[in-house]
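Enquirer: Sequence first, predicted coordinates after that:
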Amino acid sequence: MKKNFFDNFKLENEIWSIVHSSELRFGLRGNKILFILRYLLIKFNSVFSDQITKTSELNTSYSQKISEVLLAIPDQEKTRDDELLSSLIDKFLQPQSFKPDLLGKTCDNLIEMFVENEGKNSSTYTTPKKIVKLLICIIDPNENMRICDPVCGVGEFLAECHRTIKQKGKNEEKLLLYGQEKDAEILEIAQINLLLHGIYNFEIRSGNCLENPEFINDKFDRVITNPPFNLDKWGYKNLPLNDKKLLEDKDFKFRYSSKTRGNFAFIEHVLALLNDKGIGCILQPFSVLSSRREKEIRKKIVESDLIEAIIGLPPNLFYTTNIPVIILVFNKNKTDDRKEKILFINLNNRKIIRESKKQLSDQDIEKVVKTFKEFINEDEYSQVIDTEAINKKDFDFNFNFYIKTVTNNDSIKEKEITRNLVFEKLINLEIEREELEQKFKEHLRQLRKD
């Protein structure tokens, strides 16, 4: 059988090579990935616009959404052309051989390549694909659902929800996707990203979800997000201190988050967006498990029986931080057998980091999802804990209290406990280091403005 041109072709590598080596020729001073995605969308629209509008009424909505996004692109971007880049993309977008799914995958890979290249300096914050896949498997999206990411970044969670529905053989057109993003450039990247995935049934609004929550009066079946960790200036100063009505409007039902770390502000926002049967997932640093300043919030959330699972991930899985991260799973409609119980899963007790790439394997993901769905105990890996036991530990979620390393050798056990304590201290030191680094960058930006 004759091979298709696309079988051994990686468009993202070719595009990246051209743009990365020719920044001066393109006059790029801003966001490189935004330039590439704008270029792709403009080319895609010029080739397929007639076909999109003629095929069905549904695709008329798609065409309209593309037009809305194109309208916001600066005129100089629309008229800019490059012979080498243009001929490459034109060859890729041949109607007779074009594969729609390939464009979405290309978009995913381009964003990932950009973030990996920029590392910790990247302003385009994104979540690694395997972690996105894990969270989507946990929330289990379905058609007819309203799904929101209040800190949507480049929209990878929303795109993966859509892809999952399609893979299930369900009607992805009946899925409604919502997001909020405060950075105008990243918001535009998210819109183009979703459009290049063939998605149009989305609404992404501009703004800070903590200071100006756009969807606070809406309720969702699923809420999933990866907000900034340990955010220093998260808007605490702008919130009311005594007005209870305003306090509830700002969705801080239990208590304010720490003044200097906005982690629990994001947690409470996720809870506020869920409907009475909703499920939510949020990525957070390990510090939220046992920080003294937020003990009262943890207590209220446990007493409200909103946490279904806490999943500990290993370090070095993210592009912009080395610290280990947890997944908090919320459920406002727990089944009777899960009420007043929380499942702890600790992947730090497993050798899961691959040497070639810092990522989870498919086997790791399958094991977590299976353990979560079956709600089962496994030595050194998972444990179902009654909330009464958490109460006795003063609402400290530290994994060492709930998942023990099983061994008959006391000296090995003591060493394991010591290792875990040292590991925890290192985590806190890394968090403090990153907070100082953020403050330094903020001061540096301020000096440059002055």
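Expert: Thanks, I have the structure now.

Enquirer: how does the protein divide up, domain by domain?
Expert: Split into domains by automatic domain parsing, the chain comes to 11-118, 124-401.

Enquirer: Single out the most deeply packed of those.
Expert: Of all the domains of the chain, domain 124-401 carries the top mean neighbour count, a mean of 19, counting by mean count of other CB atoms under 10 Å. Placement of C-beta: from N, CA and C, glycine included.

Enquirer: part of a strand, is residue 330?
Expert: Yes - assessed with DSSP: H, G, I helix; E, B strand; the rest coil, residue 330 lies in a strand.

Enquirer: so the residue lying closest to it once chain neighbours are set aside bridges to which residues?
Expert: Using CB to CB, 6 or more residues apart in numbering and skipping residues adjacent in sequence, the residue nearest residue 330 is residue 280, 4.1 Å away. Under DSSP bridges, the beta-bridge partners of residue 280 are residue 223, residue 330.

Enquirer: And the strands in this structure, which stretches?
Expert: Here the chain has its strands, by DSSP state E, at 146-149, 176-181, 202-206, 220-225, 274-285, 307-312, 325-331, 341-346, 382-386.

Enquirer: Could I get those strands in CSV, plus columns for mean pLDDT and distance to residue 46?
Expert: Shown next, in CSV, are the strands of the chain (pLDDT from 0 to 100; distance: least, CB to CB, whole Å):
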stretch, mean pLDDT, distance to residue 46
strand 146-149, 98, 30
strand 176-181, 97, 26
strand 202-206, 96, 22
strand 220-225, 98, 34
strand 274-285, 96, 38
strand 307-312, 97, 45
strand 325-331, 97, 41
strand 341-346, 97, 48
strand 382-386, 97, 52
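
Enquirer: Export these as JSON lines, with columns for distance to residue 437.
Expert: JSON lines is the format used below for the strands of the chain (distance: least, CB to CB, whole Å):
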{"stretch": "strand 146-149", "distance to residue 437": "26"}
{"stretch": "strand 176-181", "distance to residue 437": "23"}
{"stretch": "strand 202-206", "distance to residue 437": "27"}
{"stretch": "strand 220-225", "distance to residue 437": "23"}
{"stretch": "strand 274-285", "distance to residue 437": "14"}
{"stretch": "strand 307-312", "distance to residue 437": "24"}
{"stretch": "strand 325-331", "distance to residue 437": "17"}
{"stretch": "strand 341-346", "distance to residue 437": "27"}
{"stretch": "strand 382-386", "distance to residue 437": "34"}
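
Enquirer: so which of the ones you listed gets nearest residue 73?
Expert: strand 202-206 (15.7 Å; CB to CB).

Enquirer: And the helices in the stretch 1-150 of the chain?
Expert: Secondary structure of the stretch 1-150 of the chain (DSSP state H, counting those that start in this stretch): helices at 11-20, 23-26, 32-55, 57-71, 75-79, 83-92, 100-118, 129-139.

Enquirer: Is it possible to get the ones you listed out as JSON lines so that each row also shows distance to residue 211 and mean pLDDT?
Expert: Below are the helices of the stretch 1-150 of the chain laid out as JSON lines (distance: least, CB to CB, whole Å; pLDDT from 0 to 100):
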{"stretch": "helix 11-20", "distance to residue 211": "35", "mean pLDDT": "63"}
{"stretch": "helix 23-26", "distance to residue 211": "35", "mean pLDDT": "46"}
{"stretch": "helix 32-55", "distance to residue 211": "24", "mean pLDDT": "74"}
{"stretch": "helix 57-71", "distance to residue 211": "25", "mean pLDDT": "79"}
{"stretch": "helix 75-79", "distance to residue 211": "30", "mean pLDDT": "72"}
{"stretch": "helix 83-92", "distance to residue 211": "39", "mean pLDDT": "72"}
{"stretch": "helix 100-118", "distance to residue 211": "26", "mean pLDDT": "77"}
{"stretch": "helix 129-139", "distance to residue 211": "25", "mean pLDDT": "96"}
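
Enquirer: Of all those, which one is nearest residue 284?
Expert: With CB to CB as the criterion, residue 284 lies closest to helix 129-139 of those, at 12.1 Å.

Enquirer: Now do the closest one and strand 307-312, the angle between them.
Expert: 160 degrees (axes from the mean of the first three to the mean of the last three CA atoms, to 10 degrees).

Enquirer: got the angle for helix 129-139 vs helix 100-118?
Expert: Using the same axes, to 10 degrees: helix 129-139 against helix 100-118 is 120 degrees.

Enquirer: Now do helix 129-139: which elements does it pack against?
Expert: Packed against helix 129-139 by the contact rule (3 or more CB pairs under 8 Å, 6 or more residues apart in numbering; DSSP states H and E) you find helix 156-167, strand 220-225, strand 274-285, strand 325-331, helix 362-374.
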